[in-house]
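Enquirer: heads up, no residue letters with this:
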């Protein structure tokens, strides 16, 4: 009876400890060393047991526990990786010109290239509209019935998708922006302003 | 014989497909939408089955599959929370105004700025909505079909993700609050005040 | 301290008096604090004592010469009105209905704000991502569904838009660019011209003659003079000036 109790306890502890190690490896921003894990589970033998058990647990999963030079990390399994064509993509911030242009199109659509230039006060470099078009966030609208019949630009459905909007009317208007402080950048945004009232 | 073969095939496929879905969700630090997963597994029913199976697989692990409003993410389980005191970032505490505003938006959404002001009995300082928006916890919702078409605010998926909620209905005590009528927005003490946006 | 204690002494002993209005998020918040401080039951709210406390508090704060926000005064006036109505005995059922409605509304507002304050504490006390539970620390990226490698969210988009407008409305001093004759230009011009010249010649003969703008003209004189000094330094030119206010002559160094 007491033996059983002890066994139960042991199992409970083992599972819990394994869960902790699992969570730590998962949340670590780089492969974690055996040494670092020893700080949590000082018992060497037990730690090794836990790691082996974790390795087994993931052996036929989409992710595996990888051992690299005595460090541990979860990585997509080779089988799946092959299938999914994994590539490291480093997210890139959109250039200032492109973000401004996109915002202007969103708020003023349909709008021609020269109207955008008017609002921004600088001429639009060639690649800016191209990039936004390539990202499928903008698309050509109708042509203006003015001399030269300039093309207008409007935002697309994937623009709405990307920004989580149901319709363009959900964009906060100028008054909303004023009320939320967004129009007073110098006071509110992009400095470590004190947000206390 | 052929039946068996088919069954094997089915199992193989199911496991492989589950592994792929697992790897996709696991590899990302941000939640993956059902929509995105559908591009890999177009069969809706199968996809749902896979997700449920994955959820079960991780149910007593150190990491769990979190369902956040039709998006999916792996997060370390709440059970090991107290043991994970590594790499902890203490977030800057929200001001009282900001945290009350966040709660009011969460429980009363969709809600306009003036309705928030009405509930708190004080005007909202600039920067409060701004800050919550910058944290990506709130986003603009539809406009009210009332004069001035005021913009409403709602919470976002990253709000749910941040607080470990599946949906708004999991907000602490929301059912009781609803039943007690305390989530009504249209009771205004001073109706002579100009609360329109 | 017994319940029958005079409200006034109660209030004066209260900690709230050490605070000023800055400690409160508006009049309802203040009322709620007063109610809590004096253990007034919100479910069967009696307006009279609460109104008295509020007015007394306001009075004290005013005496301390603190600017009081309009919303506190509006609430004060409203409560004073309510108090006077409550103190007058009335048989008029319309008025008592109205009073009931008003106190119901106030009670509702207090309860609702209290509920929201509790909710915000519950929310912020619950598990938070990055504090109590964690996301994948070292994400891998797949090349699927991720055609877009640019990260910009709605907030970024809108604040960028806001900035365009604040740029427009704010007065930024821009210095109009003026056409000036640069030293580099003058140096290139002068070195070319002197190659073909012989003997002593006035520096002014070398100035460009197509400049109409006065400022540009003067800048050309200055830059050509600096350029001539540079050429002297390089050993290509000799300069000569016979006295302080006389013309400057230059000649190729042979």
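Expert: Looks like it came in fine. Since the structure is predicted, the reported quantities are computational estimates derived from the model, not experimental observations.

Enquirer: in chain A, which spans are strands?
Expert: A:32-33, A:63-68, A:71-76, A:111-112, A:138-143, A:151-155 (DSSP state E).

Enquirer: Adding mean neighbour count, write those strands out as JSON lines.
Expert: (C-beta placed from N, C-alpha, C; glycine too.) Shown next, in JSON lines, are those (neighbours: other Cβ atoms under 10 Å in any protein chain shown):
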{"stretch": "strand A:32-33", "mean neighbour count": "18"}
{"stretch": "strand A:63-68", "mean neighbour count": "17"}
{"stretch": "strand A:71-76", "mean neighbour count": "21"}
{"stretch": "strand A:111-112", "mean neighbour count": "20"}
{"stretch": "strand A:138-143", "mean neighbour count": "15"}
{"stretch": "strand A:151-155", "mean neighbour count": "19"}
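
Enquirer: And the residue in the stretch 101-250 of chain C that chain B sits nearest to, how far from residue C:108?
Expert: In the stretch 101-250 of chain C, the residue that lies nearest chain B is residue C:120 (3.5 Å; Cβ to the nearest Cβ). Separation of residue C:120 from residue C:108 (Cβ to Cβ, to the nearest Å) stands at 19 Å.

Enquirer: Which one's more surrounded, these two?
Expert: Set residue C:120 next to residue C:108 and count neighbours by other Cβ atoms under 10 Å in any protein chain shown: residue C:120 wins out with 21 against 17.

Enquirer: which sections of chain A are below the confidence cut-off?
Expert: Scanning chain A for pLDDT under 70 picks out the ranges A:1-12, A:85-91, A:174-175, A:177-197.

Enquirer: Where do the domain boundaries of it fall?
Expert: When chain A is parsed with automatic domain parsing, its domains come out as A:2-81, A:96-194.

Enquirer: Tell me where chain A has helices.
Expert: Remark: helices assigned in chain A by DSSP state H are A:2-27, A:34-38, A:44-57, A:78-84, A:96-108, A:113-120, A:126-134, A:157-162, A:174-180.

Enquirer: Ignore what I typed, I meant chain C.
Expert: C:7-13, C:27-37, C:47-63, C:70-87, C:93-125, C:154-169, C:183-195, C:214-233.

Enquirer: now the longest one: how far from the chain's centre is it?
Expert: This means helix C:93-125. 34 Å (Cα atoms, centre = their mean, to the nearest Å).

Enquirer: just to revisit the earlier point, let me know which of the helices of chain C is the nearest to residue A:171.
Expert: helix C:154-169 (7.2 Å; Cβ to Cβ).

Enquirer: anything in the closest one sitting right up against chain B?
Expert: Yes: interface with chain B: helix C:154-169 contributes C:154-155, C:158-159 (Cβ under 8 Å from any Cβ of the partner chain).

Enquirer: how about CSV for the strands of chain A, with distance to chain C added?
Expert: Formatted as CSV, these follow (distance: least, Cβ to the nearest Cβ, whole Å):
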stretch, distance to chain C
strand A:32-33, 9
strand A:63-68, 9
strand A:71-76, 6
strand A:111-112, 13
strand A:138-143, 13
strand A:151-155, 10
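
Enquirer: Which residue is it, in the stretch 1-150 of chain C, that comes closest to chain A?
Expert: residue C:134 (3.5 Å).

Enquirer: What's the local residue count around that residue?
Expert: 25.

Enquirer: Likewise for residue A:96?
Expert: Around residue A:96 there are 10 residues (other Cβ under 10 Å).

Enquirer: and the nearest residue to it once chain neighbours are set aside, what is it in contact with?
Expert: Leaving aside its sequence neighbours, residue A:96 sits nearest to residue C:160 (Cβ to Cβ, 6 or more residues apart in numbering or on different chains; 7.5 Å). For residue C:160, the contact set (Cβ atoms under 8 Å, 6 or more residues apart in numbering or on different chains) comprises A:96, A:99-100, A:103.

Enquirer: change it to 6 Å
Expert: A:99-100, A:103 (Cβ atoms under 6 Å, 6 or more residues apart in numbering or on different chains).

Enquirer: Then residue C:79?
Expert: Contacts of residue C:79 by Cβ under 6 Å, 6+ apart are C:51, C:54.

Enquirer: Tell me how far it lies from residue A:81.
Expert: 69 Å.

Enquirer: coming back round to it: and the residues of helix C:154-169 next to chain B as JSON lines, adding distance to residue B:37 and pLDDT?
Expert: As requested, the residues of helix C:154-169 next to chain B are arranged in JSON lines below (distance: Cβ to Cβ, whole Å; pLDDT from 0 to 100):
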{"residue": "C:154", "distance to residue B:37": "23", "pLDDT": "83"}
{"residue": "C:155", "distance to residue B:37": "26", "pLDDT": "83"}
{"residue": "C:158", "distance to residue B:37": "29", "pLDDT": "81"}
{"residue": "C:159", "distance to residue B:37": "31", "pLDDT": "79"}
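
Enquirer: I'd like those residues laid out as CSV, including distance to residue A:159 and neighbour count.
Expert: Converted to CSV, these look like this (distance: Cβ to Cβ, whole Å; neighbours: other Cβ atoms under 10 Å in any protein chain shown):
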residue, distance to residue A:159, neighbour count
C:154, 11, 20
C:155, 15, 19
C:158, 13, 24
C:159, 17, 22
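
Enquirer: Would you mind confirming that the residue of the stretch 101-250 of chain C closest to chain B makes contact with residue B:99?
Expert: Yes: with contacts counted by Cβ atoms under 6 Å, residue C:120 reaches residue B:99, the gap being 4.4 Å.

Enquirer: hmm, back to that, can you tell me which of the residues of helix C:154-169 next to chain B lies closest to residue C:138?
Expert: residue C:155 (25.9 Å).
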